[in-house]
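[1] I would like the atomic coordinates for the input below:
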Amino acid sequence: MSLIQQHRRQLGTTPLCQALDVPRASFYRQQNRTTSTVAAMTRRRPEHALSQAEQQTVLATLHEPRFVDLAPPQVYAQLLEEGRYLCSIRTMYRLLTTCQEVRERRALASHPVYSKPELLATRPNEVWSWDITKLKGPAKWTYYYLYVILDIFSRYVVGWMIAARESATLAQRLIAETCAKQQIVADQLTLHADRGSSMKSKVVAQLLADLGVTKTHSRPHVSNDNPFSESQFKTMKYRPQFPERFGSIQDARAFGCTFFPWYNHQHRHSGLALYTPANVHYGRIEQVRQSRQAALDAAYHRHPNRFVRKPPQAALPPHAVWINPPNNPQKQPMN
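    Sure, this is the predicted structure:
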């Protein structure tokens, strides 16, 4: 390339490229690149350019906690409203590009660290879980809201309500009525929920403080932190009688009046060794277990050869139920 550059005036660029078997496009491309590099090295710094100190000020501002996950146009507009002008939006982008921060500024944002809830229940009315789910109404985009409070030890639905809207005030009323019905005393109960607006509301928090009820919350976007409520909703929505849509709020409430008595008093729960939630909640396990054991004993005496290892024993529900057990002990069925 340098030989062509030296003799092109005397011999011409095209003959030299042909003689040296160098494509003319390659020669001109190399020449333009060299010219651009030299021009960049010799270009004077514009008088209006930001000084190093000013550039550092802009970057420090962009890194402030309130701006760290905002795009430059958002920062620019907010600064103007505060009576401050640091530089143009384009300059902000250029400075961020030098720091390789343009593409994923949101990743720089710091968020609170939420601890994993670890809750243990060894008897009824020790830990409740509550949640709200939507029920489809008669038309598109219409919903009814089902509030459910569940005892995690017995899986007994201690309180439920269907309303036309999600409301912290309605949730407060349901919780107060359910605590009164179950005769909850101060420092007896922990109430667990996700981080929905009603669950985090001030009116609910104040009620729980007045009742002496401890409140806990799931981590954001972690459904396993509230598994028993999620499982109960799934059981309900997979029932053959559960409709695609409810014709009215009265229809939805009528369904609840049928479903929840069935769930509490007839549903043999796989997580409770196939006892009903009501039997566990109200301490009727031993009576049912004796009846089952009598049937198993009779079967064993009739055909002992059919039971290879030992006489069969009627199973009992777990003595302890966890939300997020430490060291991940044996998983429990939820349904």
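[2] Give me the neighbour count for residue 308.
    Other residues lying near residue 308 total 6 when counted by other CB atoms under 10 Å. Where C-beta positions appear, they are placed from N, C-alpha and C, glycine not excepted.
[3] go on, residue 280?
    25.
[4] Can you verify my assumption that it contacts residue 274?
    No: look at residue 280 against residue 274 with CB atoms under 8 Å: they stay out of range, at 10.9 Å.
[5] so is residue 158 in a helix, a strand, or just coil?
    Put simply, residue 158 is strand when judged by DSSP: H, G, I helix; E, B strand; the rest coil.
[6] And for residue 208?
    helix.
[7] Run through the residues that contact it.
    175, 191, 214-215 (CB atoms under 8 Å, 6 or more residues apart in numbering).
[8] Filter those residues down to the ones in strands?
    191, 214-215 (DSSP state E).
[9] Off-centre distance for the helix or strand hosting residue 280?
    Element membership of residue 280 [criterion: DSSP states H and E] is helix 277-281. Centroid separation between helix 277-281 and its chain, computed with CA atoms, centre = their mean, to the nearest Å, is 31 Å.
[10] Likewise for stretch 246-253?
    With CA atoms, centre = their mean, you get 29 Å for stretch 246-253.
[11] Tell me the buried residues in that stretch?
    For stretch 246-253, the neighbour count (16 or more other CB atoms under 10 Å) marks 246, 249, 251-253 as buried.
[12] which residues are contacting that stretch?
    The contact list for stretch 246-253, computed with CB under 8 Å, 6+ apart, reads 135-138, 144, 146, 162-164, 243, 255.
[13] Swap in 10 Å and give it another go.
    135-138, 142-146, 160-164, 243, 245, 254-255 (CB atoms under 10 Å, 6 or more residues apart in numbering).
[14] So which of those residues sit within strands?
    Cross-referencing the contacts of stretch 246-253 against strands under DSSP E gives 135-136, 143-146, 160-163.
[15] Can I have the buried ones of the residues you listed as a ChimeraX selection?
    Restricted to buried positions by 16+ other CB under 10 Å, the ChimeraX selection for the ones in strands among the contacts of stretch 246-253 reads:
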select :135,143,144,145,146,160,161,162,163
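[16] in terms of contact, does residue 297 touch residue 314 like I think?
    Yes: if you go by CB atoms under 10 Å, residue 297 and residue 314 touch, sitting 9.4 Å apart.
[17] For the residue nearest to the spatial centre of the chain, give its distance to residue 233.
    Closest residue to the average C-alpha location of the chain: residue 221 at 0.5 Å, with CA atoms, centre = their mean. Distance from residue 221 to residue 233, counting by CB to CB, to the nearest Å: 17 Å.
[18] tally of neighbours for residue 321?
    23.
[19] pLDDT score for the closest residue to residue 179 other than its chain neighbours?
    Of all residues not flanking residue 179 in the chain, residue 211 sits nearest, at 5.7 Å (CB to CB, 6 or more residues apart in numbering). Note on residue 211: pLDDT of 96.
[20] what residues are up against residue 211?
    Contacts of residue 211 by CB under 10 Å, 6+ apart are 175-176, 179-180, 184-189, 191.
[21] quick one: it and residue 185, what's the gap?
    For residue 211, the distance to residue 185 (CB to CB) stands at 9 Å.
[22] Need the residues touching each of these two.
    Common neighbours of residue 211 and residue 185, counting by CB under 10 Å, 6+ apart, are residue 179.
[23] Please enumerate the strands of the stretch 201-335 of the chain.
    Remark: strands assigned in the stretch 201-335 of the chain by DSSP state E, counting those that start in this stretch are 214-217, 321-323.
[24] Name the surrounding residues that touch the last one.
    It refers to strand 321-323. For strand 321-323, contacts defined as CB under 10 Å, 6+ apart pick out 116-123, 126-127, 129, 151-155, 190, 192, 216, 218, 224-228, 271-272, 328-329, 331-332.
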